[in-house]
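**Q** show me the folded form of this:
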Amino acid sequence: MIVLDFFGYRIIALIILIVLFLSLAYYLYSVIKKFRSLRTHFLSLAEAFCHPGSWSVRHYPYHHTLSGSAGGHRFHYSLLGHDERAMFQLFLECPVAKAFVLEVGEQPSKQAMDLPEAFRPIFHLPGFRSLKVIPQKVPLFSRLLGGLVGSGGPGLVLRTQGDEPFSPQALKRDLRLLLDLAETLDSEPPQQKEGI
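**A** Residues are numbered from 1 along each chain as shown. Below you'll find the predicted structure:
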């Protein structure tokens, strides 16, 4: 009886360990499979949209980022999370003079109400969530907390959510809109622009 109890507990412990090991193995397999799928999507987007040799794809714990150049402008396109329905953002590096944030569902501040006409289309973008204008370089710790991994700024950060995060046409549309906004916002005197 004592022998049976001894081996019985060992068998139960062994079964539990096997189940835990198989669960961990399946979890790791699913994570690797998801990362490979996302990487494939990002590579396809980079090849279709970016200048050859100008791009790189990086994976962070909760960010997957394509950094590259298109039309002579540097940008960082990120998926925030691992699900394709997660929020995604476009960070355009460009000089801007003032900092502010526009978010969906909030009453625009007085500063936002004084914005030029070029800002009207931003509110009609499919899945628009927010637009952040960053006039200075963001410290590394703030970048990690704010989901801005990939670029330190200054520039424009557009966050949207939709069904097609890897559409070259949608990325081209959003980048064109941010470039138009950057031209409107770039009100720095010429002496401050030198060396950029």
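**Q** look at the most centrally placed residue in the chain and give its secondary structure.
**A** Centroid-nearest residue in the chain: residue 78, 2.3 Å away (criterion: CA atoms, centre = their mean). Here residue 78 is recorded as strand under DSSP: H, G, I helix; E, B strand; the rest coil.
**Q** I'd like the distance between it and residue 158.
**A** 11 Å (CB to CB, to the nearest Å). C-beta: built from backbone N, CA, C; applies to glycine.
**Q** what's the overlap in contacts for the two?
**A** 89, 91 (CB atoms under 8 Å, 6 or more residues apart in numbering).
**Q** next one: the longest helix along the chain to chain centre, how far?
**A** For the chain, the longest helix by residue count, based on DSSP state H, is helix 2-49. The chain centroid and the centroid of helix 2-49 are separated by 27 Å under CA atoms, centre = their mean, to the nearest Å.
**Q** likewise for stretch 169-179?
**A** For stretch 169-179 - counting by CA atoms, centre = their mean - the centre lies 15 Å from the chain centre.
**Q** for the record, mean pLDDT for that stretch?
**A** The predicted model assigns stretch 169-179 a mean pLDDT of 88.
**Q** what of stretch 182-196?
**A** Rounded mean pLDDT across stretch 182-196 is 48.
**Q** could you do stretch 121-135 as well?
**A** Averaging pLDDT along stretch 121-135 yields 83.
**Q** mind listing what's buried along that stretch?
**A** Residues 122, 125, 128-134 are the ones in stretch 121-135 that count as buried (16 or more other CB atoms under 10 Å).
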